[in-house]
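Enquirer: just coords:
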């Protein structure tokens, strides 16, 4: 843990009309555009930052298996009574221009950090309000503006091909209005897709972030060599409808997670060995319903075509958050 000094704002001499020195400002996050930002212990979150001083940091990514407190001169602090380091996974500048323009383009920086596991989360039944929480980005030790955050036990997010963590900031959905392909894998490590659909009763693995603390407590910025189950028991929902959105599932029953079976079961939620902040969700595919339409490869469809990109949406959630992944299942399997 590192205690940061008080904020120092450097102003130029007002007699000469100089402006305040730039400071990092968090203007957005890739999973939420609202403030206060919902965050969870151990969550990997990409913050979109403006106001960094020139020269801007170049692209940088932390070494495999651990995250440093500072990367390319960029760091982050989680303030909740005291200050905790939010270690940095990646620093990635990108242009704000989507098409060529005659005027110069602006530049933002995507900073992916891990929320500390040691934070105090919201507890509605615990009585008095918890300590207010804030997050800020610093450049070369100069801390920027604080933004409000709401610490929750979890903030579930299924990773997709368009996530900054996976593909940087350039990826876009293949067709208008349809979601990006989720990272859901067969047992052989190949992605579930229209060309390689899942089978009824098959066990699949989905990758996610934000599932919170585990039964074996995690250390911020460090990877475990084994899978650790989450301390939250998640509910699951299987929805056999084309391109369905995520739905909040009911909570798990009193007998915890049911045993494996062919009817669609949530088998495991926990950390992925060797990675920092990465979780996996293991589940079996329920039997395909009669008349289930097959998926269409979205890369072959014309733009904004109304095609079946997924025919089963798998959702997991708790009282604080939920998310889902639309996948392809072989009809009649």
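Expert: Alright, I've got the coordinates. Every value quoted in this text rests on a predicted model; they were computed, and no experiment measured them. Numbering: from 1, shown residues only.

Enquirer: Could you tell me what pLDDT the model assigned to residue 30?
Expert: You'll see residue 30 listed with a pLDDT of 70.

Enquirer: residue contacts, it?
Expert: 45-46, 48, 110, 163-164 (CB atoms under 8 Å, 6 or more residues apart in numbering). In this view, the C-beta of every residue, glycine as well, is placed from N, C-alpha and C.

Enquirer: give me that answer again for 7 Å
Expert: 46, 163-164 (CB atoms under 7 Å, 6 or more residues apart in numbering).

Enquirer: Going toward the C-terminus from the lowest-mean-pLDDT helix or strand in the chain, what's the next helix or strand?
Expert: Lowest on mean pLDDT, DSSP states H and E among the helices and strands of the chain sits helix 164-167, with a mean of 74. Using DSSP states H and E, the helix or strand that follows helix 164-167 in sequence is strand 184-185.

Enquirer: where along the stretch 201-333 of the chain do the strands fall?
Expert: 203-209, 235-239, 266-271, 279-284, 312-317, 322-327 (DSSP state E, counting those that start in this stretch).

Enquirer: for those strands, which one sits closest to residue 220?
Expert: strand 266-271 (12.9 Å; CB to CB).

Enquirer: Domains of the protein: list them as residue ranges, please.
Expert: Using automatic domain parsing, the domain ranges for the chain come out as 14-151, 153-333.

Enquirer: Residue 288 touches residue 329, doesn't it?
Expert: Yes - counting by CB atoms under 7 Å, residue 288 does reach residue 329; the two are 5.3 Å apart.

Enquirer: Show me which of the two is the more surrounded one.
Expert: residue 329 (26 against 20; other CB atoms under 10 Å).

Enquirer: can I assume the more buried one is in contact with residue 311?
Expert: Yes - with contacts counted by CB under 7 Å, residue 329 reaches residue 311, the gap being 5.8 Å.

Enquirer: residues bridging contact with these two, i.e. touching both?
Expert: Shared contacts of residue 329 and residue 311 (CB under 7 Å, 6+ apart): residue 292.

Enquirer: As TSV, the strands of the stretch 201-333 of the chain with mean pLDDT would be great.
Expert: Formatted as TSV, the strands of the stretch 201-333 of the chain follow (pLDDT from 0 to 100):
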stretch	mean pLDDT
strand 203-209	97
strand 235-239	94
strand 266-271	95
strand 279-284	97
strand 312-317	96
strand 322-327	96
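
Enquirer: Turn these into a markdown table, columns for mean neighbour count and distance to residue 84.
Expert: What follows is the strands of the stretch 201-333 of the chain, written out as a markdown table (neighbours: other CB atoms under 10 Å; distance: least, CB to CB, whole Å):
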| stretch | mean neighbour count | distance to residue 84 |
| --- | --- | --- |
| strand 203-209 | 20 | 18 |
| strand 235-239 | 19 | 30 |
| strand 266-271 | 21 | 20 |
| strand 279-284 | 22 | 21 |
| strand 312-317 | 25 | 27 |
| strand 322-327 | 24 | 26 |
